[in-house]
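A.B. asks: Coordinates for the following, if possible.
(2 chains)
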Amino acid sequence: MPNLTQIALATGFGLILIGFYGALTRRSLLRIILAFTLASTGVNVVIVAIGYMRGRTAPILDEAVTTTTAVGRIIDPLPQALVLTAIVIGLGVTALMLAHAYRLFLRHGTLDIAAFRELKW
Amino acid sequence: MVKRLFALGLLTVFAGLFASLLSGYVPDAELNPSARYYAERTAPDLGAANLVTAIIVTYRGLDTLGEVTVLFLAAAIVGLVLGSGRGIHRPRPDGRPAHDPHSRHSAPPPDRSAADRANAGRPDEAPSSAHPPVGELLTTGSHLLAPLILLLGVYVFANGHLTPGGGFQGGAILASATLLLLLAQPGRQFSHRLISALESLAGLLFVVIGLLGLALAGGFLDNRILPLGTLGELFSAGAIPLISTLIGLKVGAEFSSILASLSETRHYPALRVQADADTESAAQTRNQPADHADGEQP
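C.D. replies: I've put the predicted structure just below:
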C-alpha cells in the first residue's frame, strides 16, 4: 500500500511526463502551451510532496502548535514557499506565451508550428 | 514518425529517472536544519504565526521583490505584445482618448454579423459590441459578488501572517474580481492609468519599506521596523502585514492589467481586417490551413 507521499510524487512525475510528451509531439502552439502548464504543475506537485511529512500539520503556529512544540509538529515550510512563487511566475509565463501565440496567429493565420519558418535553419 | 519515436525514447529515459527517484525516496522523519531554524526562530524573531508568509516576505524578501518584478515585466510585455496590434497598425484617426466613457455602456447590437461589420468598418468603436449580450443573472450576480470578492482578497492578504494566505494569494483573488467583471461586461474598459498607478505605488512603497529596514533594523526588508506585538494578533509581526498588503495590491494590479490587456484585444475577424489592410498580399499568397480558422472566416 503506497503512502500519500508516493502517490503524490507519482502523480507529479506522471504530469511532467504527459507535459513533455505533449510539448514534443503536438504541433499546435496552444497545445504546446497547455503541455508546458501541465509539466510545471507536475513539478509543483513533486516539490510539495517532498515537503510533506507523515502525521504533521501545516506550518502555522496557533494554540495547537505552539512555538515550543513546532519543531516536532509542522512540515517543512520552504517547499511551500517555493511552490507559491513558482505558481505565480508560472501564471505570468503562461500569459506571456499566450500573448505571443496570439501575435503569431495574427501574423501567420495559424498556430501550427510547422508554418513558423523564421527560426528554421 | 521518427520524431515521435525520438520523443518516446526521451520520455522513457525520463520515466526511468523518475522511477528510480520514486523508488529510492525516503521521507524525512525529522525537519532538516533550515526548516528547524524557521520553526524555532520565526515566532521569537519575526512574530509571525504563518511560517510560509514569514519566509516569503522576510527571510526571502529579496526573492519576492524580484518575483513581483518578473510578474510586472510579464504584465508589461503582455500589454506591449497585445497592444501593438491596436496602436501600430491603425492609429486612432481623431486622437480620441482610449477610455471613452460612452463606449462602455453602449447597448449590444441585436445580431452578431452586424457587430462584426461595424467593427470592421470602425475598428476603434465600441469593443463591447463584438460580444453577444450577457445574461441578467451574470450582470446582477457580478455586481453582488465583486465587492465581496475584493473584501475576501483584502482579508487574505491582511491576515497573511496569521492564517493561510498572503500577498500573492490575496492578489490573485483581487484579480479574480476583475475577471468576473470582465465576464459580466466583456467590453468594459478598466482604467490602465489607475492600475499602473496602484502597481507602481505599491512597488515603490515595497522598496521604501525594504530600505527603512536597512536603516532602522537589521537589513534590507527586515520587518522589525515596527513593533512585533503579540503573536497571533492582526497588528503584529512588524512590517509583514504591511508588506504583504503591498504585494497583494501589486500582484492584483498586475494580474488585472494582464486580464484587461487580453480582454481589450479585438477578436479575430476585426484584427484580420486590420492586418490585411496593412500587409495586403502577405496572407493571400500563403495557403491557409483550414484548421484553427473554421467559422472565423469573415
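A.B. asks: Please count neighbours and contacts with C-alpha atoms only from this point.
C.D. replies: Fine.
A.B. asks: leaving aside the residues next to it on the chain, what's closest to the residue most central in space within chain B?
C.D. replies: Centroid check for chain B by CA atoms, centre = their mean gives residue B:255 as the closest residue, at 1.8 Å. Nearest residue to residue B:255, sequence neighbours excluded (CA to CA, 6 or more residues apart in numbering or on different chains): residue B:175, at 5.7 Å.
A.B. asks: Give the residue spans of chain A that score low on pLDDT.
C.D. replies: Along chain A, the model assigns pLDDT under 70 to residues A:1-2, A:121.
A.B. asks: So which elements touch the lengthiest helix in it?
C.D. replies: Secondary structure of chain A per DSSP state H: the longest helix is helix A:77-108. Packing partners of helix A:77-108 (3 or more CA pairs under 8 Å, 6 or more residues apart in numbering or on different chains; DSSP states H and E): helix A:29-51, helix B:33-46, helix B:51-54, helix B:61-87, helix B:268-278.
A.B. asks: ok, and for that helix, which residues are buried?
C.D. replies: For helix A:77-108, the neighbour count (16 or more other CA atoms under 10 Å in any protein chain shown) marks A:77-86, A:88-90, A:92-108 as buried.
A.B. asks: and if you look at stretch B:190-204?
C.D. replies: B:190, B:192, B:195, B:196, B:198, B:199, B:200, B:202, B:203.
A.B. asks: which stretches of the stretch 51-200 of chain B aren't confidently modelled?
C.D. replies: For the stretch 51-200 of chain B (pLDDT under 70), the answer is B:84-131.
A.B. asks: Tell me where it has helices.
C.D. replies: Ranges of helices within the stretch 51-200 of chain B are B:51-54, B:61-87, B:101-104, B:112-121, B:136-158, B:167-184, B:192-216, based on DSSP state H, counting those that start in this stretch.
A.B. asks: Any residue of the fifth one touching chain A?
C.D. replies: Okay, so that is helix B:136-158. No. On the criterion CA under 8 Å from any CA of the partner chain, helix B:136-158 is out of touch with chain A, staying 13.9 Å away.
A.B. asks: How far does the longest helix of chain A sit from its chain's centre?
C.D. replies: For helix A:77-108, the separation from the chain centroid amounts to 10 Å (computed by CA atoms, centre = their mean, to the nearest Å).
A.B. asks: Kindly report the same for stretch A:46-64.
C.D. replies: 19 Å.
A.B. asks: Contacts (any at all) between chain B and it?
C.D. replies: Yes. Counting by CA under 8 Å from any CA, chain B has neighbours in stretch A:46-64: A:50, A:53, A:59, A:60, A:61, A:62.
A.B. asks: which of the residues in that stretch are buried?
C.D. replies: A:46-53, A:57-61.
A.B. asks: So which of the residues of stretch A:46-64 next to chain B sit within strands?
C.D. replies: Under the assignment DSSP state E, these contribute nothing to strands.
A.B. asks: just these now: which is nearest residue B:37?
C.D. replies: Closest to residue B:37 out of the residues of stretch A:46-64 next to chain B is residue A:59 (12.6 Å), distances taken as CA to CA.
A.B. asks: center of chain A, which residue is that?
C.D. replies: Short answer for chain A (CA atoms, centre = their mean): residue A:41, at 2.2 Å.
A.B. asks: What residues does that residue make contact with?
C.D. replies: Shown in contact with residue A:41 (CA atoms under 8 Å, 6 or more residues apart in numbering or on different chains): A:12, A:15, A:16.
A.B. asks: Which of these sits closest to residue B:238?
C.D. replies: residue A:12 (37.2 Å).
A.B. asks: and the closest one, what does it touch?
C.D. replies: Residue A:12 neighbours (CA under 8 Å, 6+ apart): A:41, A:42, A:43, A:44, A:45, A:46.
A.B. asks: Kindly indicate which of these lies nearest chain B.
C.D. replies: Sorting the contacts of residue A:12 by how near they are to chain B, with CA to the nearest CA, puts residue A:46 at the top with 10.3 Å.
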